[in-house]
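I would like the atomic coordinates for the input below:
(one chain, ligands or ions: 1)
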Amino acid sequence: MPSAEETTGQEVPLLEMRNVTVSRNDRKILDSVGMYIRQGENIAIIGPNGSGKSSIIKVITGDYRPRADSSGMVFRIMGKESWNIFDLRGLLGIVSGDLQLDYMRDISGMEVVLSGFFSSIGIYANHRVRPEMVATAYEVMKFLEIPHLSGKLISEMSAGEARRILIGRALVHDPQILVLDEPANSLDMKSHHQFRELTRKVAAAGKNIVLVTHDLGDIIPEIDRVILLKDGKVFAEGKKEEILSEGKLSDLFGLPVKVSRINGYYHAIY
Ligand SMILES: Nc1ncnc2c1ncn2[C@@H]1O[C@H](COP(=O)(O)OP(=O)(O)OP(=O)(O)O)[C@@H](O)[C@H]1O
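Numbering: from 1, shown residues only. Have a look, this model is predicted:
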């Protein structure tokens with residue numbers, strides 16, 4: 001059967017959202033959000049605390065179910081409106097600070113990476129770890145230059161080491177999209193730098209990066225487009241060079257922001 005792309009002659013977008021609304025406790029935390037991510041595109045979602053960034057990620061991962069308002073809603077991932085949660089998890093690899101907190105126990109780097117095959121927090125008696133899974137996990141760790149963390153307990157790793165192991169977990173099942181939710185929180189300068197370099201390597205390997213952050217320094221040069229969120233709504237979106245302007249960022253964060261660009265990275269001064 002021909003794919004939607006072959007039938008229509010148009011590229012199927014990675015993600016398409018229109019009029020996506022999510023409410024909690026009778027309050028709209030996402031309000032008619034629209035977003036369009038092309039295949040092969042890397043994007044960053046930026047906004048102040050509480051603007052709805054993590055909620056967008058939860059919609060993408062199927063944790064939050066959006067509802068349609070009177071103008072109707074569109075929500076498609078790879079052209080499909082409804083996803084089996086296991087198929088969806090296969091498409092996505094996720095790294096977040098919250099996930100790292102879930103792993104604060106005595107489990108080795110190798111087990112953390114392997115748990116990515118089962119979308120679980122650890123390896124349990126019902127998980128059948130096949131030899132080829134161990135071989136793949138080792139290959140991923142080699143690619144990420146972290147084989148030395150294989151036998152180390154995550155509870156004994158530095159924040160930067162643990163974050164790199166979580167990228168391994170996110171990539172081990174070969175997802176198309178790597179979602180990074182505030183990935184550099186609590187990393188020192190060197191760990192932040194190493195993390196960014198790893199993300200660049202993943203982008204160069206052909207994965208789509210969806211980055212959520214409030215720190216402009218997380219935006220690797222491979223990110224083409226930026227979406228600004230404010231109060232649960234899209235405030236602005238477009239090419240990185242146009243969106244990361246002093247005027248727009250000052251309006252977004254509600255304070256005067258100066259922006260500098262060095263070696264393809266943006267920095268905010270406030
Ligand atoms: N389960 C929930 N119940 C009630 N309110 C919620 C829930 N989840 C999120 N919110 C509210 O929705 C708004 C958006 O939250 P969200 O976590 O998406 O913001 P964020 O941009 O990721 O913030 P931060 O940068 O602080 O992580 C916030 O005001 C938050 O308090």
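
Tell me the confidence at residue 18?
pLDDT recorded at residue 18 is 92.

next one: residue 119
For residue 119, the pLDDT comes out at 84.

That one touches residue 87, doesn't it?
No: counting by CB atoms under 8 Å, residue 119 does not reach residue 87; the two are 11.3 Å apart. No exception for glycine: its C-beta is placed from N, CA and C like everyone else's.

Please identify which of these two sits among more neighbours.
Legend: neighbour count by other CB atoms under 10 Å for residue 119 and residue 87, higher for residue 119 (15 against 11).

Poorly predicted segments of the stretch 51-200 of the chain, please.
Along the stretch 51-200 of the chain, segments meeting pLDDT under 70 span 103.

for it, what spans make up the helices?
Secondary structure of the stretch 51-200 of the chain (DSSP state H, counting those that start in this stretch): helices at 53-60, 85-91, 97-102, 109-115, 131-143, 159-171, 189-204.

Name the residues that touch the first one?
Helix 53-60 is contacted from outside by 15, 17, 20, 22, 29-30, 33, 35, 45-47, 64-66, 75, 77, 92, 94, 96, 179, 181-182, 210, 212-214, 229, 232, using CB atoms under 8 Å, 6 or more residues apart in numbering.

what subset of those residues is also close to the ligand?
Residues of those in contact with the ligand (CB under 6 Å from any ligand atom): 29, 47, 214.

Now rank those by neighbours and give me the top one.
Scoring these on neighbours with other CB under 10 Å, the highest-scoring entry is residue 47 at 23 neighbours.

Nearest spatial neighbour of residue 136, chain-adjacent residues omitted?
Setting aside the residues directly before and after it, residue 136 is nearest to residue 172 in space (CB to CB, 6 or more residues apart in numbering), at 6.1 Å.

Return the residues in contact with the one you found.
Contacts for residue 172 (CB under 8 Å, 6+ apart) come out as 113, 114, 116, 117, 133, 136, 137, 140.

Repeat that for residue 205.
Counting by CB under 8 Å, 6+ apart, residue 205 has contacts residue 143.

What distance do you get for it to the ligand?
When distance is defined by CB to the nearest ligand atom, to the nearest Å, residue 205 is 27 Å away from the ligand.

hang on, isn't residue 44 packed against residue 219?
Yes: shown here, residue 44 and residue 219 form a contact pair, counting by CB under 8 Å, at 5.0 Å.

what's the overlap in contacts for those two?
Residues touching both residue 44 and residue 219 by CB under 8 Å, 6+ apart: 211, 213, 226, 240.

What is the lowest-pLDDT residue among those residues?
residue 213 (92).

Identify the bridge partners of that residue.
Taking DSSP bridges as the rule, residue 213 bridges to residue 46.

Next: residue 269.
Where residue 269 sits in a bridge, its partners, by DSSP bridges, are residue 258.

interface residues of the stretch 151-270 of the chain facing the ligand?
By CB under 6 Å from any ligand atom, the residues of the stretch 151-270 of the chain that approach the ligand are residue 214.

Mind doing that once more with 8 Å?
Within the stretch 151-270 of the chain, the positions near the ligand by CB under 8 Å from any ligand atom are 181, 182, 212, 214, 229, 232.

Farthest pair within the residues you listed?
Farthest-apart pair in those is 182 and 232; separation 17.5 Å (CB to CB).

before we move on, back to that, ok, which of the helices of the stretch 51-200 of the chain comes nearest residue 262?
For the helices of the stretch 51-200 of the chain, the distance to residue 262 is smallest for helix 189-204, at 13.2 Å, taking CB to CB.

Can you tell me which helices and strands the closest one packs against?
helix 159-171, strand 177-181, strand 208-213 (3 or more CB pairs under 8 Å, 6 or more residues apart in numbering; DSSP states H and E).
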